[in-house]
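Peer 1: take this sequence and fold it.
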Amino acid sequence: MVGDPGGGSNPGRRRDACPTYAERMTKRPVRGSQLAGEDNADETTAAALPPGELQFIERIRLRAAALPQPPELLLGIGDDCAILRPRPGEDIVVTTDFSLESRHFRRDWHPAASVGHRSLARGLSDIATMGARPLAAFLSLALPAAMASKTAWLDGFLDGLLRLAQEHGVALAGGDTAQAPGTDILADIVVLGAAASGTALRRSGARPGDGLYCTGRLGGSAAELALLEADPQRFRSAARGAEAFPHLFPEPRLRVGEFLRERGLATSCMDLSDGLSTDLAHLCRASGVSAEVDFAALPVAENLLRADPAFRRHCMLDGGEDYELVFTAAADTVVPKLIAGVAVTRIGRIILQNAGQTAAMADAESVPRIAAASLDAASVDVALVDAASVDPASVDAAQPRAPLVVLLRYPDGTTEPLAPGGWEHFRTV
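Peer 2: Below you'll find the model as predicted:
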């Protein structure tokens with residue numbers, strides 16, 4: 001997502017972070033310590049711990065103790081494992097997310113509270129997509145040796161993470177700590193949630209004829225990141241509060257997800273972490289369908305209203321990290337325009353794949369983005385299906401899922417294939 005960290009080079013290029021096999025085998029490793037099992041660390045291990053680690057863990061434990069403890073959590077930090085007992089008739093949903101310095105944040109750009117908030121928000125957003133109720137989080141944190149005995153950054157990180165956990169009733173039930181192998185901070189969050197058995201929302205339920213919806217506004221996170229890149233000190237004092245910071249302090253849509261699941265409104269759902277163009281493609285692929293997006297209907301983030309049109313388009317379609325929900329609902333379902341105080345906008349429809357669409361998508365990756373003003377109906381060879389004419393029951397769910405296509409439809413009726421252009425960790429070009 002972002003470039004090299006201010007304090008060092010990309011860890012993938014740093015030779016001292018990749019010792020040879022012989023160096024690995026001869027250098028005594030520094031062992032981590034489990035937040036849930038400190039009492040079984042022997043003296044040899046303790047001697048190898050970075051300075052202040054025991055105090056570091058105790059600081060986390062004491063602050064985590066102030067969080068609400070859900071009845072499902074029978075045992076948290078203090079033993080080798082946490083113990084949870086779900087309510088009768090519930091399924092447990094589990095997600096995990098990395099937050100890596102120089103990939104997901106930079107210390108010279110992001111306040112520590114933002115890093116902590118974002119680390120948990122990423123996991124909670126996944127829980128929201130399933131319509132689940134969050135229960136507990138598990139934090140694994142690796143700090144460079146030079147930071148282990150310094151509490152300012154850790155306190156700020158915990159401020160952001162624990163404030164969000166408190167707001168949503170999430171317990172910090174355990175985790176792990178270690179000395180990072182290089183100069184970058186590494187964090188991983190595991191979040192558990194619960195939902196009535198068999199009711200969790202999935203990506204795979206969209207059917208031709210469904211309406212396509214999203215929450216909130218799109219592109220705000222990417223726009224804010226661009227401002228941050230241009231002036232890294234611009235948001236150093238930013239804090240979560242009355243002013244919205246969509247990149248630094250994204251809001252997971254947990255209450256919206258639960259509402260959709262409990263009332264049976266959504267046929268499929270996922271969050272927008274990598275960008276609408278990429279995440280909608282994931283949903284369509286999982287469901288074996290295609291989608292048509294009304295470009296003019298997309299809700300624009302406030303910080304993009306006066307932006308250059310090309311930049312605004314990029315942020316809305318490809319920017320990512322908005323953590324809004326994109327979901328589908330049957331054509332006859334009445335979807336509220338406001339759920340739990342969050343605006344909901346219909347942005348398109350689900351359509352049936354056909355040969356014309358498949359052929360168009362085969363070339364979509366090589367088709368340059370075309371400005372709406374220069375696009376005419378003859379410039380895109382795509383055969384559309386009238387969604388209203390499709391009987392969802394006639395779609396054979398057992399059929400192989402063919403290549404999908406996501407289309408942008410403009411106010412003048414012209415269309416354009418929308419190739420995935422959001423974040424991709426392993427993209428080589």
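
Peer 1: and Ala121, its phi and psi?
Peer 2: Dihedral angles of Ala121 (phi, psi; degrees, to the nearest 10) stand at phi -60, psi -40.

Peer 1: wait, it sits on Leu248?
Peer 2: No - the pair Ala121 / Leu248 is not scored as a contact, 10.3 Å apart, by Cβ atoms under 8 Å. The way it works is simple: take the backbone N, C-alpha and C, and place the C-beta from them, glycine included.

Peer 1: could you list the low-pLDDT ranges of the protein?
Peer 2: 1-53, 242, 354-404, 425-429 (pLDDT under 70).

Peer 1: show me how it divides into domains.
Peer 2: Following automatic domain parsing, the chain resolves into domains at 32-196, 203-417.

Peer 1: among those, which is nearest Trp423?
Peer 2: The minimum distance between Trp423 and these falls on domain 203-417, with 4.4 Å, by Cβ to Cβ.

Peer 1: would CSV of the domains of the chain with distance to Trp423 and mean neighbour count be doable?
Peer 2: Below are these laid out as CSV (distance: least, Cβ to Cβ, whole Å; neighbours: other Cβ atoms under 10 Å):
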stretch, distance to Trp423, mean neighbour count
domain 32-196, 10, 19
domain 203-417, 4, 19
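
Peer 1: out of those, flag the one nearest Glu424.
Peer 2: Judged by Cβ to Cβ, the one of the domains of the chain that comes nearest to Glu424 is domain 203-417, at 7.0 Å.

Peer 1: which residues does Asp97 contact?
Peer 2: Listed by Cβ atoms under 8 Å, 6 or more residues apart in numbering, the contact set of Asp97 reads 119, 122-123, 126, 188-189.

Peer 1: and the helix or strand containing it, how far out from the chain's middle?
Peer 2: With elements taken from DSSP states H and E, the one containing Asp97 is strand 90-100. In terms of Cα atoms, centre = their mean, to the nearest Å, the centre of strand 90-100 is set 11 Å apart from its chain centre.

Peer 1: direction included, what does that strand pair up with?
Peer 2: Sheet pairing here is set by DSSP bridges, and for strand 90-100 it gives strand 186-196 (antiparallel).

Peer 1: is His247 in a helix, a strand, or coil?
Peer 2: In terms of secondary structure, His247 is coil; the call rests on DSSP: H, G, I helix; E, B strand; the rest coil.

Peer 1: got the contact list for it?
Peer 2: By Cβ under 8 Å, 6+ apart, His247 lies in contact with 220-225, 228, 321.

Peer 1: tell me which of these fall in helices.
Peer 2: Using DSSP state H to define helices, the subset of the contacts of His247 located there is 220-225, 228.

Peer 1: one step back: let me have the domains of the chain in a markdown table, extended by distance to Glu424.
Peer 2: Conversion of those to a markdown table gives the following (distance: least, Cβ to Cβ, whole Å):
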| stretch | distance to Glu424 |
| --- | --- |
| domain 32-196 | 12 |
| domain 203-417 | 7 |
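
Peer 1: ok, back up a step: can I get the contacts of Asp97 in JSON lines including distance to Ala343?
Peer 2: Putting the contacts of Asp97 into JSON lines (distance: Cβ to Cβ, whole Å) gives the following:
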{"residue": "Ser119", "distance to Ala343": "26"}
{"residue": "Arg122", "distance to Ala343": "22"}
{"residue": "Gly123", "distance to Ala343": "24"}
{"residue": "Asp126", "distance to Ala343": "21"}
{"residue": "Asp188", "distance to Ala343": "32"}
{"residue": "Ile189", "distance to Ala343": "27"}
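
Peer 1: ok, of those, which one's closest to Ala206?
Peer 2: Taking Cβ to Cβ as the measure, Ala206 sits nearest to Asp126 out of these, at 18.2 Å.

Peer 1: what's opposite the nearest residue to Thr96 once chain neighbours are set aside in the beta bridge?
Peer 2: In this structure, Thr96 finds its nearest non-sequential neighbour in Val190, 4.6 Å apart by Cβ to Cβ, 6 or more residues apart in numbering. Here Val190 shows beta-bridge partners Thr96, Phe138, assigned using DSSP bridges.

Peer 1: what's the spacing between Val190 and His314?
Peer 2: 32 Å (Cβ to Cβ, to the nearest Å).

Peer 1: any idea where the strands of the stretch 251-400 of the chain begin and end?
Peer 2: Counting by DSSP state E, counting those that start in this stretch, the stretch 251-400 of the chain forms strands over residues 268-271, 290-294, 325-329, 338-339, 342-351, given from the N-terminal end onward.

Peer 1: which one of the ones you listed lies nearest to Gln166?
Peer 2: Distances from Gln166 to each of those were compared using Cβ to Cβ; the minimum, 19.9 Å, belongs to strand 342-351.

Peer 1: does anything pack onto the closest one? Which helices or strands?
Peer 2: Using 3 or more Cβ pairs under 8 Å, 6 or more residues apart in numbering; DSSP states H and E as the contact definition, the elements that strand 342-351 packs against are strand 211-215, helix 254-262, strand 290-294.

Peer 1: closest to His282 among the contacts of His247?
Peer 2: Each of the contacts of His247 was scored against His282 by Cβ to Cβ, and Glu321 proved nearest at 15.2 Å.

Peer 1: any idea how far the closest residue to the closest one other than its chain neighbours is from Gly422?
Peer 2: Distance criterion Cβ to Cβ, 6+ apart; nearest residue to Glu321, sequence neighbours excluded, is Ser221 at 4.1 Å. Remark: distance between Ser221 and Gly422 (Cβ to Cβ) = 11 Å.

Peer 1: who touches both of these two?
Peer 2: 319-320.

Peer 1: closest to Ala195 among the contacts of His247?
Peer 2: The nearest one, if we look at the contacts of His247 relative to Ala195 and count by Cβ to Cβ, is Glu321, at 24.8 Å.

Peer 1: and the contacts of stretch 311-318?
Peer 2: Where contact means Cβ under 8 Å, 6+ apart, the residues beyond stretch 311-318 that reach it are 218-220, 222-223, 226, 275-278, 298, 300-301, 304, 307, 369, 418, 421-422.

Peer 1: ok, now with 7 Å
Peer 2: Residues external to stretch 311-318 that are found in contact with it (Cβ atoms under 7 Å, 6 or more residues apart in numbering): 218-219, 222-223, 275-277, 298, 300, 304, 418, 421-422.
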